[in-house]
Every structure is written in structure tokens, then in C-alpha cells.
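**Student:** Build me a model from this:
(2 chains)
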Protein chains: 2
Amino acid sequence: MALVVQKYGGSSVADASCIKRVAQRIVATKKAGNDVVVIVSAMGDTTDELLDLAEQVSPLPPGRELDMLLTSGERISMALLAMAIANLGHEARSFTGSQAGVITTSSHGNARIIDVTPGRIREALDHGRIAIVAGFQGVSQDTKDITTLGRGGSDTTAVALAASLEADVCEIYTDVDGIFTADPRIVTAARKIPKISYEEMMEMAACGAKILHLRCVEYARRFNLPIHVRSSFSTKEGTWVVSDPYTPNEASEGTEMEQPIISGVAHDRSEAKITVVGVPDKVGEAAHIFKTLADAEINIDMIVQNVSAAATGRTDISFTLPTTDASTALTSLKKIQDKVGFESLLFDDQIGKVSLIGAGMRSHPGVTATFFAALADAGVNIEMISTSEIRISVIVEQEGVDAAVAAAHRAFDLDADQVEAVVYGGSGR
Amino acid sequence: MALVVQKYGGSSVADASCIKRVAQRIVATKKAGNDVVVIVSAMGDTTDELLDLAEQVSPLPPGRELDMLLTSGERISMALLAMAIANLGHEARSFTGSQAGVITTSSHGNARIIDVTPGRIREALDHGRIAIVAGFQGVSQDTKDITTLGRGGSDTTAVALAASLEADVCEIYTDVDGIFTADPRIVTAARKIPKISYEEMMEMAACGAKILHLRCVEYARRFNLPIHVRSSFSTKEGTWVVSDPYTPNEASEGTEMEQPIISGVAHDRSEAKITVVGVPDKVGEAAHIFKTLADAEINIDMIVQNVSAAATGRTDISFTLPTTDASTALTSLKKIQDKVGFESLLFDDQIGKVSLIGAGMRSHPGVTATFFAALADAGVNIEMISTSEIRISVIVEQEGVDAAVAAAHRAFDLDADQVEAVVYGGSGR
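**Tutor:** Sure, this is the predicted structure:
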């Protein structure tokens, strides 16, 4: 008997018939002899509808009250899911984040989990019940107010609860079959990745793969908790995120494949580029610029500083950031223009980031060369470059993203062929 | 400075603009120098929508989960109201029933308040904040599960919280101007009652006046808490429900009027009549019948037993009950037909109850005679009669209800005249 934690997102519980289907899946897991804890998001568009209501009464609602409002969304979905399970003849109990012992900081809208004290969940399991827990929410340790966890919150709830319960696996249900070597909408030959390491998954998440949030993968890695990303619309195995995907283990059948050089190609169109033109090449000027941006709580991704032109004693600094933060960043920078003495600001939101991710590149020289050659052959110009030990990212113009992703995917032999399709369809991993 | 508890029902917070108007009203009360605690119901049709969702996933949802679901309704309205108040520059904090310390039995869907421990509400008031509390909900003392209070739950929350906070008044906001001498839709000359005693109000509520629930008036009487029923659409004084409405007090202006014989005429079309025909006239048969109904949790209102016909040794027993309970009652009775040996069951849902209520009738003989004469003149036949010290109720055929109410209202001089209309419009009471 295993303890299985399952997380279902908003699209999996979008309406009554979806909820009933999810209930059947949960009951099947229970009937197979497992203890089951389910984390659930708010139904479909509920959160957007609640945000719309909030906007109608206040342009800038207090965070505490916004959290109180939004947490009603999971309250609805979890209660309905518990009812649907009861209707199948199994006992289920729903719990709010607070009841489930999800203790957080008091940073409304973006709280961090401090501790999980799942006494009531354990008690429910001890009574043979299925526990349904509201994702995305917790209770502040200091103020006892209701909090929400922000982006990726429900996945993080699932992983945190699974870790504290020492679950055997945390299954993240989504509307695709798992993590793919590239976005299948761009690369039709993209393959599902059967196993991937936490580190690679974190790089994928940070580089635009939307399936899992960076934060929940970090949490899982810390507790060495296996995550299984799979579709709520099929019973196929999805993608396992584990510490060492390339070591054969007893649970798997047959031989493991060799570690690929590149696990996948991620892309991200949500960033923009700002260039600070003509920054005086003096000590501390760059620091001043980035301190200003940090104070405005803007997350910078990539940074490039041109070699200073000796004639002018000035340099250009370019950086990328989420497009949604761009106007705040530009406003903040304009305020320090006179003090820093830069000449002007350039803004470009027509960019995209393409990233190669693979633990295999550690032991394979020439990855960068192959990547850049593939992009050149595809006629895509590289504007900025950033690397880590298991990742290479480039900024290209946005309309070149698709071609760049496809070219890289092909260049590193990631395209599916007939043999691999059979392996992935039938391996049972 | 007074402590004012205000309760707003679902129609007062039906949408964003309603919520903003209510927020202004609350802020005005605060600005007038009062501490303010607000109890709020779910927005408009929210509860019905949630019930509809529940029905879609399960025909018989577990009570615990139904309560979890329904309580999301007040969570939404209270958070939005707190936001709207914040938008007017005042600090507000919303609290669930559990956070407000509303401790109940664990009877889901119909929990009773055991205790109120409003520590967090007091703390909010001490910080100069307006406290917004979810009506209709609490937390079970035994199981720590979320409960709902059933019918009249939000009014009861308001009165219970007001009592525990030793508030100066509990204002119940509704969509009419107060309690009327009769339903103004039936009697256009009906007058608003400026003050009424708890006992009369309880009889009115029990006899079909929908504005205040019996349960909340009982609670207020126990703690001698003044209730002020008034419209959320105007600033006019409504109806005060107090222990002794006819004693002049320092707060009132001018002289109090003399106690009227009759305070009001209530009516109720929601009951049905069942007649058990041919019950053997033996000791214990009636007890058996009503024990069976009690076991089925059916609330009986009026009972009439015919004088037994000596020839047959059999009698008929008629009783009234909520029409919604009728099919359960009929099924339960059919099961004991052979055992009790009655002949048949008659069912009539085309009845109505008309009640005269007034503490003044204690000292005025002849009220019954005047009432019955008025009905006779109006051509309305009386089917059943029930009386208390301050109430006379009769069952009539449903299509005679309007005529009976109008006739009684006129017979006891309750119809408004010009002079009174001026008094009520301008007295400020």
C-alpha cells in the first residue's frame, strides 16, 4: 500500500462532469489499495471571476481581503469533489489549507510555506478516508489570517503536503501527457520525456515550460519526493521528475536508455528587453541601475553589458524581464536618468527566449557550437546569450522562436521516430 | 460611542454596486462615532447556484461537504464588502464564522450556536477597524468542522454576536421599511409598526411574517438585545423589537402611544392540512400517530380532533404542517395504517393561516368575537382555530386569505389614516 498525493488543476475540475470524472479516478486509486490525498485548484475560471468582482468594488483591494476572496474558489471545488466521491460510495473529507496545516508567512498573495502540520489529514487517512485539500492557500503563522501562495501555489501545496506526509509519489495532473522535449504545438515531432532530473526540470520551468512551476520542483528536490506529471484525460504514464532519472531502479521494466545530451528545448515569449543606452562607464553605475530595479521588486533574467566604447567612455546595458514588469521598470529607471547620466532607454517586447536543457551537456563539449549552427542554418539571429552548467539560453527576435526551437530539437536528435514512439507508448514507465 | 451590529441580507449585497452602497452606509455609521460589526449573507443567488452545483455532482451530498460548499458564499461577500470599505478609506477586516468564534453543535445544515468567543472581533474593534463577519456559519465544537446554521442563520449570527459583544443595538437590514401591521401587498393601508415586543414578534414570525426568523428573536429576548429592523434602501427608522415597547424611555421623543389591542395580522400560505380519517377512539392512538411524525422530524403546527361519533367509536384527527414535509408525513402515516387501524388519509394544500397578534388582547375581552365576525362578514369560513395568550390563528381556504387579512386589519382599526401617516413619516422613531 502506498500513500499517493494527487493534484488536479482548474481545467481538470472545470465543471460538474469533470469533477465526477476526477472522482472516479481518485476512487480507482483508492481501490487499488492506496491511501489518497488530493489537492485541488479552483474550478476553471472561478479565480478570474472573483478577481473581476474585486475590481468592481475596489481598484486596489487589500491583500488580506483578496486572499479571503480567492480562497473561496478552492473551497467550492474541494467540497464538490468530496461530494462526488461520496456519491461513488467512498468517504471523503475536504480541508481548507488552514485545516490541512499549511502554515505560511503573512505575505498576502505570495505567501511562502513555513511548515506543514497535517494532523487532520493523517487522522482522515487513519479512518480510511480520502482527504481533499484546497491548493494555493494556507494560514499565516503570525496573524492567523488566510493567505494564498501565488503562482504555482497548488502544485507547491501538493508537493509540500506530500513531503510532510512522506508520500510515495506526488502526481500532478494536467491537460497534457507529461513534459515534452519541446512544445508539441511548435514541434510536432516532440516526444514525451519519461524521466527527468529535478535540476533539468527546474531549468525547463525557469525557461518557459509551463507544466510545472519552478517553486514546486525546488520543494520536491529538497525532500527528494518523486513527482509524476500526467494527464487527467488518460491513464498513460506521464513524466517522472526524480533525483537520478538515468539509474535503473527496481520499479522500472527493461533497460533504461542512455542519458541524452539534451533533454528538451524550452521557449518563452513572455519576456521583454530593456536597453539602457549610454551609461557612463564608472564604478557603481550598473549597481545603481539594478539596485533601483530590485527595489521595485522586478525580477531580471538575462543581462548583457557591451564593451565600453573607449572614445565616449560610455556603454550600453541590456537586460530581459517579464513583459508585465516592463512599465514599472521603465518608470523607475527614468527617475534615476539624471543621477546616473545615461542617455536613453530602448524597449523591445518582440523577443523570445529559446533554451536547451540537458544534464548530458556537462560531458559533451560542442553543444553550444551545434546549437548556434542550427540557429544560423535556420536564419535566426542571436541577440543575447546566457548559460548554466545544464542549460544554454538565447534571446532571438520573437518571430524566429518557432524556427529556432524546431532547428535545435532536430539538431540534437530529439525528433521522435517510429521506434521511439513504440517505446514511449508501451514501456509503462 | 455605541457598538452597533448591522446585518445585511443577500439582496442588500446582490452585486458590486449594492456592496458599494452598503459600504457607504457602514462607513457613515462608523463616522458617526460608533464601533461597527457587520454580519453579511451570501450575495443574491449564490447559495442557489452552489446548491445547483452540488446537485449536479451528487443527489444526496454529505452535510459536512454541503456546509463547506455553502460557506464559500459569505466568504465572497464579506471579502468584497471589506474591500469596498477599504476603498472608502476605512480599515475593515473580514472574518469567517469560525474566526469570529461562532461555536456550534455539529448538526450540519442546521447547527445551533453553543457559544460565541469573539476575541478576534474585539481585537479588530480595539484597533479601530470595522469587523465584517460571515453570517449563517460557525465551527463545530466537537469535530472542528465548518457548520451552517440553517434558516434564519445570518440573523441569528448577528444577534448572537451582538449579545456576546454586549452591543447597544442589532440592526437587521432588509428590503422593506420594517415590520408592518400586515403584508402591504395584501393590505395597502398597512402601517409600519414603530416598536413591538419580543413576544409579539415571535408570534408574528411563527405565523408567517418573513422579515425576522423566530430563532433570532428568541435569542434577542434571552439577552434583552434591542433589534432594529430597517431598510437598506433608506435611512428611515424601521421597527424596534424590544422587551417593553409601550414604556416611554429617554431615547424617544414625545409621548408613546397607548398599547394597541392588536399589533398586526400575519398570514402564511406555506402549510398544508392532513386529516387522518376514522381513527379508533382508543387511548394511545393519537400518541402513536404524532410519535411517528416526530420520529420523521416533522414539525406539526395546529391539531384538531373531532368529537368521537358514538356510533362508530372512531374519530378524525386533522393537523397542519409545512407543505414541504407533507409527502414524508403521508408516507410515514401509511406505514402505520394497519397497526393504528385508521380508515384513510386526506390531504389539502389549498389552505392558509391568518393570525392576529397583540399583547393588548390579554386585557381586551371579545377579540375572538370581533375577529370571527369580521371573517364571517367577509364570507371566509374557518376550518381550524388555535390560540395563545397574545395570538389567535385560524385556518381558512387559501383563496380566502387576502380577504380575511384585510377584514381583520380593518376590524381592529389597524388601517392607516392621514394623521398616522404623518406621525410615522416624521416621528424619527
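
**Student:** And the strands in the stretch 51-200 of chain A, which stretches?
**Tutor:** A:92-95, A:102-104, A:113-116, A:130-134, A:137-140, A:146-148, A:169-174, A:195-197 (DSSP state E, counting those that start in this stretch).

**Student:** Which one, of the ones you listed, ends up nearest to chain B?
**Tutor:** strand A:92-95 (5.3 Å; Cβ to the nearest Cβ). Where C-beta positions appear, they are placed from N, C-alpha and C, glycine not excepted.

**Student:** Give me the residues contacting the host helix or strand of residue A:407.
**Tutor:** Taking DSSP states H and E as the criterion, residue A:407 maps to helix A:401-411. By Cβ atoms under 8 Å, 6 or more residues apart in numbering or on different chains, the list of residues contacting helix A:401-411 from outside reads A:181-183, A:186-187, A:189-190, A:262, A:265, A:267, A:269, A:352, A:354, A:356, A:370-371, A:373-375, A:377-380, A:394, A:396, A:415.

**Student:** residues from chain A in reach of chain B?
**Tutor:** Within chain A, the positions lying close to chain B (Cβ under 8 Å from any Cβ of the partner chain) are A:16, A:19-20, A:23, A:50, A:53-54, A:56-62, A:64-66, A:68-69, A:71-73, A:75-76, A:78-84, A:86-87, A:92-94, A:99, A:120, A:144.

**Student:** Any of those residues buried? List them.
**Tutor:** A:16, A:19-20, A:23, A:50, A:53-54, A:56-58, A:61-62, A:64-66, A:68-69, A:71-73, A:75-76, A:78-84, A:86-87, A:92-94, A:99, A:120 (16 or more other Cβ atoms under 10 Å in any protein chain shown).

**Student:** tell me the mean pLDDT for the helix holding residue A:407?
**Tutor:** In this model, helix A:401-411 carries a mean pLDDT of 95.

**Student:** Convert the C-alpha atoms of it to CSV, please.
**Tutor:** Output of helix A:401-411 as CSV, limited to C-alpha atoms (Å, rounded to 0.1, in the frame of the first residue of the first chain):
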residue,chain,number,x,y,z
VAL,A,401,11.3,31.4,-31.9
ASP,A,402,9.4,28.6,-33.7
ALA,A,403,12.1,28.1,-36.2
ALA,A,404,14.8,28.2,-33.5
VAL,A,405,13.0,25.6,-31.3
ALA,A,406,12.4,23.2,-34.3
ALA,A,407,16.0,23.6,-35.5
ALA,A,408,17.5,22.9,-32.1
HIS,A,409,15.2,19.9,-31.5
ARG,A,410,16.3,18.4,-34.8
ALA,A,411,20.0,19.2,-34.3
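
**Student:** Quickly list the domain ranges of chain A.
**Tutor:** A:3-251, A:252-429 (automatic domain parsing).

**Student:** Buried deepest among these, which one?
**Tutor:** Ranked by mean neighbour count, the domains of chain A are led by domain A:3-251 with a mean of 21 (mean count of other Cβ atoms under 10 Å in any protein chain shown).

**Student:** Just the helices from the stretch 201-350 of chain A, written as ranges.
**Tutor:** Counting by DSSP state H, counting those that start in this stretch, the stretch 201-350 of chain A has helices at residues A:214-223, A:285-295, A:326-335, A:337-340.

**Student:** Might you calculate how far the third one sits from the centre of the chain?
**Tutor:** Shown here is helix A:326-335, whose average C-alpha point lies 27 Å from the average C-alpha point of the whole chain (Cα atoms, centre = their mean, to the nearest Å).

**Student:** which other helices and strands contact that helix?
**Tutor:** Packing partners of helix A:326-335 (3 or more Cβ pairs under 8 Å, 6 or more residues apart in numbering or on different chains; DSSP states H and E): strand A:271-280, helix A:285-295, strand A:344-348.

**Student:** got a list of contacts for it?
**Tutor:** A:272, A:274, A:276, A:289, A:292-293, A:295-296, A:298, A:321, A:345, A:347, A:349.

**Student:** switch the cut-off to 7 Å
**Tutor:** A:272, A:274, A:276, A:289, A:292, A:293, A:296, A:298, A:321, A:345, A:347, A:349 (Cβ atoms under 7 Å, 6 or more residues apart in numbering or on different chains).

**Student:** in the sheet, who's paired with the second one?
**Tutor:** Beta-bridge pairing of residue A:274 under DSSP bridges involves residue A:319, residue A:347.

**Student:** wait, it sits on residue A:349?
**Tutor:** No - applying Cβ atoms under 7 Å as the test, residue A:274 and residue A:349 come out as separate, 9.6 Å apart.

**Student:** any chance of the helices and strands packed on helix A:326-335 in JSON lines, plus mean pLDDT?
**Tutor:** Output for those, formatted as JSON lines (pLDDT from 0 to 100):
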{"stretch": "strand A:271-280", "mean pLDDT": "94"}
{"stretch": "helix A:285-295", "mean pLDDT": "91"}
{"stretch": "strand A:344-348", "mean pLDDT": "96"}
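
**Student:** nearest to residue A:311, of these?
**Tutor:** Nearest to residue A:311, of all the helices and strands packed on helix A:326-335, is strand A:271-280, at 12.3 Å by Cβ to Cβ.

**Student:** Summarise which helices and strands that closest one is packed against.
**Tutor:** The contact analysis (3 or more Cβ pairs under 7 Å, 6 or more residues apart in numbering or on different chains; DSSP states H and E) places strand A:271-280 against strand A:314-322, helix A:326-335, strand A:344-348, strand A:351-357.

**Student:** now these in CSV, with distance to residue A:217?
**Tutor:** Converted to CSV, these look like this (distance: least, Cβ to Cβ, whole Å):
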stretch, distance to residue A:217
strand A:314-322, 19
helix A:326-335, 27
strand A:344-348, 30
strand A:351-357, 12
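
**Student:** re earlier: and the helix holding residue A:407, how far out from the chain middle?
**Tutor:** The answer for helix A:401-411 is 22 Å, by Cα atoms, centre = their mean.

**Student:** hey, C-alpha coordinates of stretch A:65-75 in CSV?
**Tutor:** Extracted C-alpha coordinates of stretch A:65-75, given in CSV (Å, rounded to 0.1, in the frame of the first residue of the first chain):
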residue,chain,number,x,y,z
GLU,A,65,-9.2,40.5,1.7
LEU,A,66,-8.2,39.5,-1.8
ASP,A,67,-6.8,36.2,-0.3
MET,A,68,-10.0,35.7,1.7
LEU,A,69,-12.0,36.2,-1.5
LEU,A,70,-9.9,34.0,-3.8
THR,A,71,-9.7,31.1,-1.3
SER,A,72,-13.4,30.6,-1.7
GLY,A,73,-12.6,29.1,-5.1
GLU,A,74,-10.9,26.0,-3.9
ARG,A,75,-13.5,25.7,-1.1
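
**Student:** Stretch A:70-86: how far from the chain's middle?
**Tutor:** 24 Å.

**Student:** oh, I was asking about stretch A:269-284
**Tutor:** With Cα atoms, centre = their mean, you get 27 Å for stretch A:269-284.

**Student:** can you list the residues that contact that stretch?
**Tutor:** Counting by Cβ under 7 Å, 6+ apart, A:285, A:289, A:301, A:308, A:313-323, A:326, A:329-330, A:333, A:340-349, A:351-353, A:395, A:398, A:401 sit against stretch A:269-284.

**Student:** Could you do stretch A:160-168 as well?
**Tutor:** Under Cβ under 7 Å, 6+ apart, the answer for stretch A:160-168 is A:2-5, A:37, A:39, A:100, A:102, A:113, A:116, A:118, A:121, A:133, A:170, A:219, A:223, A:225.
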